[in-house]
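Asker: task: produce atomic coordinates for the following.
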Amino acid sequence: MKQDIVYDFNQREIVTTRGGNLELISGKPALIQRIKKILHTTANRYDVYFDSGYGNCLENLVVGKTLPSAFLASEIEREVKECIGSMEDVKDVSRFSVIRDGARLTISFFVDSIYGSETVAEGLES
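Answerer: Numbers count the residues shown, from 1 in each chain. Presented below is the predicted three-dimensional model:
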């Protein structure tokens, strides 16, 4: 089973134990964290991920654009499925909801994985 280092999205930092060791997670919590990381990482923006295929192109859909809501929702669904649908732990991604409020984009969807099912909701700033 894969393990991941715990990342606190609110504090924007890696979580350590009181002893200074990295805190690790596995299973469904690790998968959900990996999904959230990919939603918060713009493809080809950071050298470490450049040209690796890691990350998303959601920014290209929303920054400076006034696309019709139905088209925007469809393209976001396509982009998210492309980013996380190929993860080996993910079986299916469905039930998308997209809400745009100014520069804030809230995406929610249902993930069926080898660990069970989970709804993922994430707010992103554009």
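Asker: only C-alpha atoms from now on, for both contacts and neighbour counts.
Answerer: OK.
Asker: grab the nearest non-local neighbour of the residue most central in space within the chain.
Answerer: Centroid-nearest residue in the chain: Leu39, 2.7 Å away (criterion: C-alpha atoms, centre = their mean). Leaving out its chain neighbours, the residue that sits closest to Leu39 by C-alpha to C-alpha, 6 or more residues apart in numbering is Asn56, at 6.4 Å.
Asker: what's the pLDDT at the one you found?
Answerer: pLDDT for Asn56: 80.
Asker: please apply the same query to Val6.
Answerer: 95.
Asker: gap between it and Val80?
Answerer: Distance of Val6 to Val80, given as C-alpha to C-alpha, to the nearest Å: 22 Å.
Asker: for the helix or strand of the chain with the lowest mean pLDDT, name the packing helices and strands.
Answerer: In the chain, no helix or strand scores lower on mean pLDDT, DSSP states H and E than helix 58-62, which sits at a mean of 74. When contacts are defined as 3 or more C-alpha pairs under 8 Å, 6 or more residues apart in numbering; DSSP states H and E, helix 58-62 packs onto helix 69-84.
Asker: give me the secondary structure label for the closest residue to Ile84 other than its chain neighbours.
Answerer: Distance criterion C-alpha to C-alpha, 6+ apart; nearest residue to Ile84, sequence neighbours excluded, is Ile35 at 6.6 Å. Secondary structure for Ile35, judged by DSSP: H, G, I helix; E, B strand; the rest coil, is helix.
Asker: also Gly53?
Answerer: Applying three-state DSSP: Gly53 is coil.
Asker: isn't it up against Thr42?
Answerer: No. The criterion here is C-alpha atoms under 8 Å, and Gly53 misses it with Thr42 at 10.2 Å.
Asker: the more surrounded of those two?
Answerer: Thr42 (18 against 10; other C-alpha atoms under 10 Å).
Asker: can you pull out the low-pLDDT segments for this structure?
Answerer: Within the chain, the set of residues satisfying pLDDT under 70 comprises 1, 48-52, 62-65, 126.
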